[in-house]
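>>> need a 3D model of the sequence below.
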Amino acid sequence: MKRKAIVLGGALAAVGAGGWVAWKRRAPWQAPLPEGIIRDVADAKVHYIDEGSGPAVILIHGFAGSTFSWRRVLPGLARTHRVVALDLPGFGFSDRDPARDYGQRAQAERVVALMDLLGIQRATLIGHSMGGAIAERVAAGHPDRVERLVLVAAVNAGEASRAPGRGMAAGPMFALIGVVQRSPSAMYTLGRRALARMVHDRAYATEEVMRGYIDPLLLPGTVAAVRKMAAANRDEAPVDLAAITAPTLVLSGASDAAIPPERGEALAAAIPGARHVTIPEAGHLIAEERPEAFLEEVLAFLHEPVPA
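Sure, this is the predicted structure:
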């Protein structure tokens, strides 16, 4: 499927024309717009990229991420699959409505609504960190819609929301977003520090990568959306991971301090038939730090026969 160019007017409508201009004035450097489209999905305007053809794969980013998070692996996946990467409402170039429910259950239903909109009956879901918890909720609640499940440094949605360590992956970024829109320069400084804590090799936390994450967070409405997200996620009921029937691959980064490999092992043990793989020399951002290793494991998994 040919990559679609984003319509600038649609982006302005999604984030508010005045806010967009303000963001451009504040930031000395502007991240390029993702080459996707924005459409109404359930109760939100959702930005997504749709590339390739073949069996469908849905990419669900983590907290404070966006379609940017998948840029190093999306082309490799799209050689053999139709790949849809979305910006969850509240992040990236999807909209931010302060009245909206940003909890994991609500976001999971928006993923299903996007599949409906795009005519995708079944798909492989690949979720990173918080996006992994959302993918788990889709797989448990809509088993007929999920062909396979790949959980990348994923939050365990089967644990109580206040379980020890459950929110560690988002912790540095929650603190970081507290300064958003008040001081972009401070945002960039703290952003580099937060990013450096999430990777195996701190040299990966370059200016380009840091701005790819930070600039979308400067869009108006992010702070309000994140506050609602945090409140909703504190009250989320755990998922029955035993209800997941899709073949599941769990990936951990050997150097991930946010969600270490032992938590990936525990997650895999809770899902029937799941397999756990640890990627060496990778932190929390496996698909970015080790794209070749990520693609090797994921593509091999995608081409395995589906059990009858």
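
>>> spit out the contact partners of the closest residue in space to residue 111 that isn't next to it in sequence.
Spatial nearest neighbour of residue 111, chain neighbours left out: residue 138 (5.5 Å); criterion: CB to CB, 6 or more residues apart in numbering. Quick note: C-beta positions are derived from backbone N, CA and C, even for glycine. Applying CB atoms under 8 Å, 6 or more residues apart in numbering, we find residue 138 in contact with 108, 111, 112, 125, 145, 146.

>>> I'd like to know how far residue 138 sits from residue 245.
Going from residue 138 to residue 245 by CB to CB, to the nearest Å gives 12 Å.

>>> likewise residue 267?
Distance, residue 267 to residue 245, using CB to CB: 16 Å.

>>> where in the stretch 51-200 of the chain is pLDDT low?
Along the stretch 51-200 of the chain, segments meeting pLDDT under 70 span 160-185.

>>> ok, which stretches of it are helices?
Shown for the stretch 51-200 of the chain, the helices assigned by DSSP state H, counting those that start in this stretch span residues 74-78, 104-117, 130-141, 171-177, 184-197.

>>> quick one, which of those helices gets closest to residue 215.
helix 184-197 (8.9 Å; CB to CB).

>>> just the angle between the helix or strand just after that closest one and helix 184-197, please?
Per DSSP states H and E, the first helix or strand lying C-terminal to helix 184-197 is helix 207-217. Going by axes from the mean of the first three to the mean of the last three CA atoms, to 10 degrees, helix 207-217 is angled at 120 degrees with respect to helix 184-197.

>>> ok, residue 267 and residue 245, which is more surrounded?
Per other CB atoms under 10 Å, whichever of residue 267 and residue 245 has more neighbours is residue 267, with 26 against 16.

>>> give me the pLDDT for the more buried one.
Predicted confidence (pLDDT) for residue 267: 97.

>>> list the contacts for it?
151, 154, 156, 158, 241, 250, 274, 276.

>>> what are the bridge partners for the first one, then?
Judged by DSSP bridges, the bridge partners of residue 151 are residue 127, residue 250.

>>> any idea how far it is from residue 94?
22 Å.

>>> who's more crowded, these two?
residue 151 (31 against 25).

>>> mind checking how far that one is from residue 130?
When distance is defined by CB to CB, residue 151 is 11 Å away from residue 130.

>>> what do you get for residue 145?
20 Å.

>>> for residue 242, same thing?
Distance from residue 242 to residue 130, by CB to CB: 21 Å.

>>> what about those two, which has more around it?
More crowded of residue 242 and residue 130, by other CB under 10 Å: residue 130, with 27 against 11.
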